[in-house]
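Chemist: Quick one: sequence plus predicted model below, questions after.
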Amino acid sequence: MATKTNKAIKISQKHLLGIQDLSINDVNLILDESKTFIKLNQSKNKKLNVLNGKTQINLFFEPSTRTQSSFELAGKRLGADVMSMNMSNSAIKKGETLIDTAMTLNAMHPDIIVIRHQDSGACNLLSQKVNCAVLNAGDGSREHPTQALLDALTIINRKEKIEGLRIAICGDITHSRVARSNIYLLNMLGAEVNIIAPSNLMPKEIEKFGVNTFTNMKKGLKDCDIVMMLRLQNERMTSSFLSSNREYYEYYGLTPDKLSHAKEDALIMHPGPMNRGIEIDTKLADDINRSVIKEQVELGVAVRMACLKIFCE
Amino acid sequence: MKKQYFINANIIDPHNSINENGGLIIDENGLIEAIGKKVNTNNIPSREKVIDLKGKHIFPGLVDMRVFAGEPGYEYKENFRTLSNAALAGGVTSVVTMPNTDPIIDNVSIVDFLKRRGRDKSKINVFPSAALTKNIEGLSMTEFGLLQSRGIIAFTDGIKTIQNTRLMSRIMNSAKDLGTLIMQHAEDYDLSKNGMINSGIIATKLGLSGIPAVAERIIIERDLTLLENIKCRYHISQISAAKSVEIINERKDKVKFTTGVSINNLSLNENDIGDFRTFLKLSPPLRTEEDRIVLVQGLKDETIDVIVSDHKPEDEEQKRLTFAQAATGASGIETLLSLSLELHHNGSVKLETIIKALTSNPAKILKINKGNLSVSNEADFCIVDIDKPWVVKKDKLVSKSKNTSIEDKKLQGKVTNTFVKGEELFKL
């Protein structure tokens, strides 16, 4: 699927708000660009100057470790001036609305704003009010496009292509923006997607997204090439969705026994942070033959460099 | 006031079963002197000035059972003066205002204040409703009897639902004793918690928590079950789901109650929310197109009695937020009639049925002598060019708040004149 970067192809969107808005050309453009940064990130000198003089603001309304540091590092490696704002102790706490914050930042003439927000659609609202490009680093339960793109890149890196693969996404689908973005992207790239979750964590009418749904994990994992585990998002759960973590682990935790239903060479992925012993057996998470979790983090920087570069232009 | 003569109008007055071409005579006191086909140039003295309406329609002034006024406490969203102007522009001459103000309308002294304000500042007939429970907390009843004696004609917690079944049965018992009208917003909070839009594909796509249709149905079924043993005047404020129409149809023969629907739920569906349009964050939420079609059918076969605007003015600050943070509700009193006429123009509901649901039916439920054109009654009516095309533009709205759910919608039919007590208070 990966075509050589064609300079004539331009990204169709001004902002990266969700995979839903991207065309297959956009996706290939980003993935191809990302590949050029993988080598760079492994070399001794990791610094480029393609974003010299550009200003990148990271607006994180929700705590984040890997996404925030990944975006920060990506911007710095490209030579941008990066400002990371921890919004949990800022003007928002003093009652300022998202739009007012946006207008304030806009007056500082940034070239790109990276936003993570607990409310779905927050990035859409921001994008309507600022002049620069907006990159969505996760909005509520809606989308997390760079995570899906880095997952796709990881899969392509290992399996060469996504088309024809059977990929299981398992866990708390209801609250997961990662699941939604991945469903759109993997479908677009020609994978068969199995969604595995207890009914209480399965969003309404998700099958209309063109996926197979399973409440039985073993059945859902059958002959899968990729097993993507999701974190139980306890902070988004407002009432009792599950009886207990130990029962959840029994039925939906990834164990060697359950994994044996997938293909022999099936890879394990997880967007992190992991709840070891709840959604995934700790040995499996660290199994270098099966788990590509660290590789996801590594390629995440490359994908974010590509996105910053493309959307800054 | 001079006597006024109108001829050549298409008059629809469901209360008096009038649906004919004719005229209307208003006497010096603003009362209706004569109406119908017998009023024509032949029996009007030739020296009198006669207004030929050339086939335009005359309807009784609309009675809107669900309106949020903003007074007291939220005058910056809407006050009685701006509400009156907005209502008149839409042909509405009587409104029931919701008690969800600051302070809440739940005691006699605030009712006295409100009645005075309404009378002084308002050009239309304002019937304030009072809360069912103190501070709409859903814990203890308000003084239905005393409040009624001060002129309260309906009780509701407005945007809130009585969750406690025992309290609900006690409210119904009191209402039965005192002849009180109860209006319930049907929503089970445990099921709707954190919900913002209809539970389904759109909610899943937008990553928003859903409000399932069953949250409405459970309260309706509970209340109608209680009603079997406690016969009181009970009205379901608004329904939104196909299943609710089905339940209501099943129960109609067993118990006596009435049902309303918002014009929003009759005209729009969840797809209209599009890219997080906060003006379409409504309660009850917009549901699927299938639900909408069943609601329209329910109106057509008169399973549903009343159409309301659910006019809920919200200023820009409350809507320029993320969907989760944005206020619920849309401004709609000015467009209530025009939007309702869409159902006539597209052939789904007879014009007379629509007008009935906007005039005589709500008046009958409320037991008020409004929404009709009976001789010797106060002449509250509107003149409507039902074919006139126009486009909704929020900046042209009269209401103080511009949060319309139908910005840029092309409508057919517009109120050209509105009269209250025989006085022309709105002219296009």
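Modeler: In hand now; what should we look at?

Chemist: alpha carbons only for contacts and neighbour counts from here, please
Modeler: Will do.

Chemist: Helices of the stretch 201-350 of chain B, residue ranges please.
Modeler: For the stretch 201-350 of chain B, the helices defined by DSSP state H, counting those that start in this stretch occupy B:201-206, B:214-229, B:242-251, B:263-267, B:289-300, B:316-319, B:336-345.

Chemist: Of all those helices, which one is nearest chain A?
Modeler: Judged by Cα to the nearest Cα, the one of the helices of the stretch 201-350 of chain B that comes nearest to chain A is helix B:201-206, at 5.2 Å.

Chemist: just the residues of chain A that are near chain B, which are they?
Modeler: Within chain A, the positions near chain B by Cα under 8 Å from any Cα of the partner chain are A:97-99, A:119-122, A:124-125, A:140-143, A:174-175, A:177, A:180, A:203-206, A:208.

Chemist: So which of those residues are in helices?
Modeler: A:98, A:99, A:122, A:124, A:125, A:177, A:180 (DSSP state H).

Chemist: Doesn't residue A:64 belong to a strand?
Modeler: No: Residue A:64: not assigned to a strand; according to DSSP: H, G, I helix; E, B strand; the rest coil it is coil.

Chemist: Pull up the gap between residue A:77 and residue A:308, please.
Modeler: Remark: distance between residue A:77 and residue A:308 (Cα to Cα, to the nearest Å) = 11 Å.

Chemist: got it, and residue A:10?
Modeler: For residue A:10, the distance to residue A:308 - Cα to Cα - is 14 Å.

Chemist: ok, those two, which is more surrounded?
Modeler: More crowded of residue A:10 and residue A:308, by other Cα atoms under 10 Å in any protein chain shown: residue A:308, with 27 against 13.

Chemist: is it true that that one touches residue A:75?
Modeler: Yes: using Cα atoms under 8 Å, residue A:308 is in contact with residue A:75, at 7.0 Å.

Chemist: mean confidence for stretch B:2-15?
Modeler: Stretch B:2-15 carries an average pLDDT of 97.

Chemist: What residues of that stretch count as buried?
Modeler: Using 16 or more other Cα atoms under 10 Å in any protein chain shown as the test for burial, stretch B:2-15 gives B:3-15.

Chemist: Find the centremost residue of the chain, please.
Modeler: Since you didn't name a chain, this refers to chain A. residue A:147 (1.5 Å; Cα atoms, centre = their mean).

Chemist: I was thinking of chain B, sorry if that wasn't clear
Modeler: When Cα atoms, centre = their mean is applied to chain B, the residue found nearest the centroid is residue B:308 (2.5 Å).

Chemist: Contacts for stretch B:166-181, please.
Modeler: Stretch B:166-181 has contacts (Cα atoms under 8 Å, 6 or more residues apart in numbering or on different chains) with B:132, B:139-141, B:144-145, B:148, B:153-155, B:162, B:182, B:223, B:226-227, B:230-235, B:366.

Chemist: on that earlier part again, give me the buried subset of the residues of chain A next to chain B.
Modeler: Among the residues of chain A next to chain B, those buried by neighbour count (16+ other Cα under 10 Å) are A:97-99, A:119-122, A:124-125, A:140-143, A:174-175, A:177, A:180, A:203-204, A:206.

Chemist: now residue A:84: how far from residue A:112?
Modeler: Residue A:84 is 12 Å from residue A:112, by Cα to Cα.

Chemist: and if you look at residue A:50?
Modeler: Distance, residue A:50 to residue A:112, using Cα to Cα: 14 Å.

Chemist: Neighbour count for these two, which is higher?
Modeler: Taking other Cα under 10 Å, residue A:50 and residue A:112 do not tie; residue A:112 has more neighbours (26 against 15).

Chemist: which residues touch the residue of chain A found nearest chain B?
Modeler: Proximity of chain A to chain B (Cα to the nearest Cα) peaks at residue A:142, 4.0 Å away. Residues in contact with residue A:142, defined by Cα under 8 Å, 6+ apart, are A:120, A:121, A:176, A:177, A:180, A:181, B:204, B:205, B:206, B:207, B:208.

Chemist: What is the burial count for the third one?
Modeler: In other words, residue A:176. The tally of other residues near residue A:176 (other Cα under 10 Å) stands at 25.

Chemist: does it really touch residue A:141, like I thought?
Modeler: Yes: in this structure residue A:176 lies within contact range of residue A:141 using Cα under 8 Å: 5.3 Å.

Chemist: pLDDT below threshold where in the stretch 1-150 of chain A?
Modeler: A:1-8, A:89-94 (pLDDT under 70).

Chemist: what ranges do the strands span in it?
Modeler: Here the stretch 1-150 of chain A has its strands, by DSSP state E, counting those that start in this stretch, at A:55-60, A:81-86, A:112-117, A:133-139.

Chemist: Deepest-packed of the ones you listed, please.
Modeler: Mean neighbour count (mean count of other Cα atoms under 10 Å in any protein chain shown) peaks for strand A:133-139 among those, with a mean of 27.

Chemist: In ChimeraX, select just the buried ones from the contacts of stretch B:166-181.
Modeler: Entered in ChimeraX, the line below selects the buried ones among the contacts of stretch B:166-181, by 16+ other Cα under 10 Å:
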select /B:132,141,144,148,153,154,155,162,182,223,226,227,230,231,232,233,234,235,366
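
Chemist: mind listing which of the contacts of stretch B:166-181 are in strands?
Modeler: Using DSSP state E, the subset of the contacts of stretch B:166-181 located in strands is B:155, B:182, B:233, B:234, B:235.

Chemist: So what touches stretch A:264-282?
Modeler: Counting by Cα under 8 Å, 6+ apart, A:147, A:171, A:178, A:224-232, A:245-246, A:248-249, A:252-256, A:285, A:290-293, A:296 sit against stretch A:264-282.

Chemist: Correct me if wrong: residue B:240 contacts residue B:296.
Modeler: No: here residue B:240 does not reach residue B:296: they are 10.6 Å apart, not a contact under Cα under 8 Å.

Chemist: For the two, indicate the residue with more neighbours.
Modeler: residue B:240 (29 against 22).

Chemist: Check the more buried one and give its pLDDT.
Modeler: pLDDT, residue B:240: 98.

Chemist: Could you check how far it is from residue B:269?
Modeler: Counting by Cα to Cα, the gap from residue B:240 to residue B:269 is 10 Å.

Chemist: Quick check, residue B:6 in contact with residue B:24.
Modeler: Yes: using Cα under 8 Å, residue B:6 is in contact with residue B:24, at 5.1 Å.

Chemist: worst-scoring helix or strand of chain B, pLDDT-wise?
Modeler: Of all helical and strand segments in chain B, the minimum by mean pLDDT, DSSP states H and E falls on helix B:316-319, at a mean of 88.

Chemist: quick one: contacts for residue A:212?
Modeler: A:193, A:194, A:195.
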